[in-house]
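**Student:** 3D model of this:
(one chain, ligands or ions: 1)
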Amino acid sequence: MKACRRSLTVVAAAAALVAGAGTMAAWAQGEWKAPADQKNVKNPLADKKADKALLGEGKKIAETNCVTCHGPEGKGNGPAAAALPPPKPADWTSAKVASETDGEIFWKISNGRGAMPPWKHLPDNQRWQLVNYIRSLQKK
Ligand code: HEC
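**Tutor:** Residues are numbered from 1 along each chain as shown. Purely as a prediction, here's the structure:
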């Protein structure tokens, strides 16, 4: 139930963002690129990409914070996605996301853009777990 209530909060937050979008002159558009110096940032959990327990942790963090927009399989089709203006929540399993480095994905999770919130308040370790979890979805 707890997770449910949190999901509703995110949906409400997304709706509020949409309501404000019309007045936001600088709504982010076009291709979203991480700064070049983030490309080679090393994933401290790079050797743990097959660690089932750790991936389970990553999944839980995603379920709490991300799936309302990105969907349960990370395809970008969560319940809040329909209400958002473009750019829509990214499909984590797309070739585009798959082609990015761990460092770039980590930077995007940390900084956000437009409707994508910044997640800097999550500990680094949890954000890298999310990167590993996203990678595990891409392999399916
Ligand atoms: C309120 C909706 C929302 C939530 C919640 C959300 N995202 Fe996003 N996310 C977006 C949107 C919208 C974009 C596309 C932003 C753009 O292109 O400007 C995006 C883009 C991304 C991208 C970039 C893909 C790429 O390579 O361009 C990643 C990675 C991502 N989200 C991960 C996450 C993770 C991890 C979480 C949870 C910790 C999360 N998101 C939570 C809406 C959301």
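**Student:** what sits closest to Ser110 if chain neighbours are left out?
**Tutor:** Lys120 (5.1 Å; CB to CB, 6 or more residues apart in numbering). For the C-beta atoms, the positions are set from N, CA and C on the backbone; glycine is no exception.
**Student:** so where's this structure shaky on pLDDT?
**Tutor:** Filtered on pLDDT under 70, the chain yields the residue ranges 1-29, 140.
**Student:** could you rerun that using 50?
**Tutor:** 1-3, 19-26 (pLDDT under 50).
**Student:** get me the contact residues on it for the ligand.
**Tutor:** With CB under 6 Å from any ligand atom as the criterion, the chain meets the ligand at residues 10, 14, 28, 32, 62, 65-66, 68-70, 80, 84, 87-90, 97, 100, 105, 108-109, 113-117, 119, 130.
**Student:** over to Val41. Which of the three states is it?
**Tutor:** Following DSSP: H, G, I helix; E, B strand; the rest coil, we place Val41 in the coil state.
**Student:** correct me if wrong: it contacts Gly103.
**Tutor:** Yes - using CB atoms under 8 Å, Val41 is in contact with Gly103, at 3.2 Å.
**Student:** neighbour-wise, which of these two wins?
**Tutor:** Gly103 (18 against 14; other CB atoms under 10 Å).
**Student:** my read: the more buried one touches Ala36, true?
**Tutor:** No - taking contacts as CB under 8 Å, Gly103 lies outside contact range of Ala36: 10.3 Å.
**Student:** pull out the buried members of the residues of the chain next to the ligand.
**Tutor:** Neighbour counting by 16 or more other CB atoms under 10 Å classes 10, 14, 32, 62, 65-66, 68-70, 80, 84, 87, 89-90, 97, 100, 105, 108-109, 114-117, 119, 130 among those as buried.
**Student:** could you pull out the helices in the protein for me?
**Tutor:** 2-21, 52-65, 67-70, 95-99, 102-111, 124-138 (DSSP state H).
**Student:** could you dump those helices to TSV with distance to Gly76?
**Tutor:** What follows is those, written out as TSV (distance: least, CB to CB, whole Å):
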stretch	distance to Gly76
helix 2-21	13
helix 52-65	13
helix 67-70	6
helix 95-99	9
helix 102-111	14
helix 124-138	11
